[in-house]
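>>> build the 3D model from these lines:
(chains A and B)
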Amino acid sequence: MMASVRRRGIAGLAAALGVLLLVSGVVAAAVDAQLRSDAATAAVTLTPEERRILERAGMVESVVDDAGFIRRVLILQSLSTGVEVPDRAYQIREEEDGNVSMSWRGIEGPLLGSPGGAWQWLPTGVLTFAGLALIIGSLFLAAARWNNRHPLAGN
Amino acid sequence: MDGAGFDPRYSPEFQRGFDPAADDADESPVSAETGPVERVPVPPTVRRIPPAPAARDSAEAGAVLSGPEFEESTAGTSGEPELPASPWRNPYLVALTVAGIALVVVGIGAFRWAVSQTYGGQMFGDGVSDEEMQEAMIASQLAWGLAPLLTLAGVLTLLGELFFVAHRWRPRRALDEDEFESSEGESLAGR
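Presented below is the predicted three-dimensional model:
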C-alpha cells in the first residue's frame, strides 16, 4: 500500500516537474527569441553618424528598405550557427574623396553540418526537452503500473 | 510414540535416539507391539503433459489429456483459454502512442513552417505590420529551436513504446503453458 502510494507520488511528481520544466523552457525560448530579435533590430538601426553619412550620399531609403531583410538574415544565421547577433550589421565608411562605401556583414560562426550552418541545440531547448522527457517517462511509468493492476497481469 | 520414544510409523533406524547395539539385543519389540503400520498417503506423481491448445477444443483433447488435471484446468471456462488483455487496452499506452505521433507530426510541420517563414520571407511581405512581423519572427524562432526537439521526443517515445510492448509480449504457446501450470498447481493445492 505504502509502496503503491510512493510510486504514484513519484510518477505524479515527475509529471508535475516535467510540466514545470516544459513551460519554463518555452518561456525561456520565447524570451531568448525576443532578445535575439531585439539584438538584430538594434544591429540594423542606423546610428546618427551613419544616418548623416548615408543622407549625404542619398542611400538612407535603400538601407532602411533592406533593414528587414538583413535583420532576418542575422536572426537566421544566429539560429543556424549558434553565434550571437553582432552589435552592428553595417560597415559604413566615408572616403577622403567624399565617396561613401557601405557593406554589411553576417555572422561568422562555426559551420556545422552544412555550409550554411545547421540546426543548433539551443540552451533553452534543454529545459523543454527535459520537461518532455519527464512527462513521457511518467506516462511510461503509469503504463507499467496499470498493467500490474490488471487482473491478468500475473500471466 | 512407543515405549522407546520412537514414532511407530517409521523405522527406528532413521529416528533420533536409535541405538543399533540395543536393537540387536532386543529384536523388534516395537513392531511386535505396534502392529501393522498404516500406509502414509503419498500424493500421486503428476506427469507433466504438454499443452495442446489447438486440440483442446477437439474431441481428441479428451484422449490426450485425461483425468482430473485436464478437467480442472478447463473448469470454469467455455473451452476457450482466457488470454491476457491486449497491451493496446492500456490507456496510458494509447496516450503515449497518440502523443508520440502528434509530437513527430507537429515537430516536422513546425520546422517546415519555420523554414518557410525565415527563408521564404513571408513574415516580411507587404501589408504586414511591425507587430505582426515581430510576432512571426519570435514564433518562427520558437518553431526553429523547439520543433526538432519535439520530433526527437516523439520518435524516442514511439521507440520506447515499441520496446515496452515487446517486453510485455508473450507468445500464445507460452501463455497456454502458464495457464496450464497455474491450474496444475491449483489442483495439487486443492488436494
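
>>> any stretches of chain B with poor pLDDT?
B:1-4, B:23-85, B:121-128, B:172-191 (pLDDT under 70).

>>> can we see that at 90?
B:1-92, B:113-142, B:144-145, B:165-191 (pLDDT under 90).

>>> could you pull out the helices for it?
Using DSSP state H, the helices assigned to chain B run over residues B:20-25, B:29-34, B:53-56, B:60-64, B:68-73, B:91-120, B:130-168, B:172-189.

>>> do the same with chain A
Going by DSSP H, chain A shows helices at A:2-44, A:48-57, A:60-81, A:123-149.

>>> let's have the ones you listed in CSV, adding mean pLDDT and mean neighbour count.
(C-beta placed from N, C-alpha, C; glycine too.) Formatted as CSV, the helices of chain A follow (pLDDT from 0 to 100; neighbours: other Cβ atoms under 10 Å in any protein chain shown):
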stretch, mean pLDDT, mean neighbour count
helix A:2-44, 84, 16
helix A:48-57, 82, 14
helix A:60-81, 80, 18
helix A:123-149, 86, 19
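
>>> please identify which of those helices is closest to B:Arg89.
Nearest to B:Arg89 among the helices of chain A is helix A:123-149 (9.4 Å), distances taken as Cβ to Cβ.

>>> centre of the chain versus the closest one, how much separation?
24 Å (Cα atoms, centre = their mean, to the nearest Å).

>>> likewise stretch A:17-24?
On Cα atoms, centre = their mean, the centre of stretch A:17-24 falls 18 Å from the chain's centre.

>>> other residues contacting it?
A:Leu127, A:Thr128, A:Ala130, A:Gly131, A:Leu132, A:Ala133, A:Leu134, A:Ile135, A:Ile136, A:Gly137, A:Ser138 (Cβ atoms under 8 Å, 6 or more residues apart in numbering or on different chains).

>>> put the alpha carbons of that stretch into PDB.
Output of stretch A:17-24 as PDB, limited to C-alpha atoms (Å, rounded to 0.1, in the frame of the first residue of the first chain):
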ATOM      1  CA  LEU A  17       8.200  18.700 -12.600                       C
ATOM      2  CA  GLY A  18       8.000  17.900 -16.400                       C
ATOM      3  CA  VAL A  19       5.200  20.300 -17.000                       C
ATOM      4  CA  LEU A  20       7.100  23.000 -15.000                       C
ATOM      5  CA  LEU A  21      10.200  22.400 -17.000                       C
ATOM      6  CA  LEU A  22       8.300  22.400 -20.300                       C
ATOM      7  CA  VAL A  23       6.600  25.700 -19.500                       C
ATOM      8  CA  SER A  24       9.800  27.200 -18.300                       C
END
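
>>> ok, for the spatially most central residue of chain A, nearest residue in space, not its chain neighbours?
By Cα atoms, centre = their mean, chain A has its centre lying nearest to A:Ala33, at 5.1 Å. Computed as Cβ to Cβ, 6 or more residues apart in numbering or on different chains, the closest residue to A:Ala33 that is not its neighbour in sequence is B:Gln141, at 3.7 Å.

>>> touching, that neighbour and A:Ile75? I think so.
Yes. Applying Cβ atoms under 8 Å as the test, B:Gln141 and A:Ile75 come out as touching, 6.7 Å apart.
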